[in-house]
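Asks: based on what follows, work out the 3D shape:
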Amino acid sequence: MADRDAVALDDPVGESLRGRHAHLARRLGRAATYLPGVATFSAVPADPEAAQWADLARLLGPGQLADMFSCPATPPPGWEPVFVLEGRQMIRPGSGLPDHTEGETDTGVVELGPDSVPEMLDLVARTQPGPFWSRTRELGTYLGIRDHGTLVAMAGERLRPPGWTEISAVCTAPE
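Replies: Next up, the predicted model:
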């Protein structure tokens, strides 16, 4: 992978909001965030001025969370951290999908649609894989596994900077 291919990973939220997720974005000036119920991720330029932080504050409204995932900028005074987590970007080398064995049997994996949201929210509440809201599945394809009709595992696509897809909400029922 060439370094130029990974540039989008320097600002995966901003790149997603300007690109494949533009239809799920709210913008004001150079600040952007996802629509309510989709995700709490927000983005400002890498070297934001006070005006960009003010625009983000107006977009979010009083008391709302700006999840600044991978943003290197230090917020201005008056912005308080709610939580800080160290993250890791893991990249699968190569391109395309892995090879499948000929004669492979049905895996039981199903695509989860809008009618699956209540079950998805229930599974997320029980397993706590991270942020997942009522409209999060709109970020991409979510796949699940059912056991006797009950959703017991799922995973899906979240951030989508050009050339990349983040896998998220990976969870399996504890039982």
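Asks: just say helix, strand or coil for residue 171.
Replies: Assigned with DSSP: H, G, I helix; E, B strand; the rest coil, residue 171 falls in the strand class.
Asks: got the contact list for it?
Replies: Neighbouring residues of residue 171 by C-beta atoms under 8 Å, 6 or more residues apart in numbering: 123, 124, 127, 128, 129, 153, 154, 155. Where C-beta positions appear, they are placed from N, C-alpha and C, glycine not excepted.
Asks: for these, which one is nearest residue 37?
Replies: In terms of C-beta to C-beta, no member of these lies closer to residue 37 than residue 124, at 13.5 Å.
Asks: this structure: helices as residue ranges?
Replies: In the chain, the segments counted as helices under DSSP state H are 12-18, 50-60, 117-127.
Asks: returning to what we had before: buried only: go through the contacts of residue 171 for me.
Replies: 123, 124, 127, 153, 154, 155 (16 or more other C-beta atoms under 10 Å).
Asks: what are the phi and psi angles of the spatially most central residue of the chain?
Replies: Central residue of the chain (C-alpha atoms, centre = their mean): residue 158, 3.3 Å from the mean position. Phi and psi for residue 158, reported as degrees, to the nearest 10, are phi -120, psi -110.
Asks: so it is in contact with residue 164, correct?
Replies: No: Residue 158 is beyond contact range of residue 164, at 10.8 Å (criterion: C-beta atoms under 8 Å).
Asks: now stretch 42-55, how far from the chain's geometric center?
Replies: Relative to its parent chain, stretch 42-55 has a centroid offset of 20 Å by C-alpha atoms, centre = their mean, to the nearest Å.
Asks: of all the residues in that stretch, which ones are buried?
Replies: Across stretch 42-55, burial judged by 16+ other C-beta under 10 Å covers 42, 43, 44, 48, 52, 53, 55.
Asks: please apply the same query to stretch 63-70.
Replies: 66, 67, 68, 69.
Asks: and the average pLDDT for it is what?
Replies: Here stretch 63-70 scores 90 as its mean pLDDT.
Asks: neighbouring contacts of it?
Replies: So stretch 63-70 is contacted by 10-13, 33, 39-44, 56, 60, 75, 79, 82, 87, 131, 159 (C-beta under 8 Å, 6+ apart).
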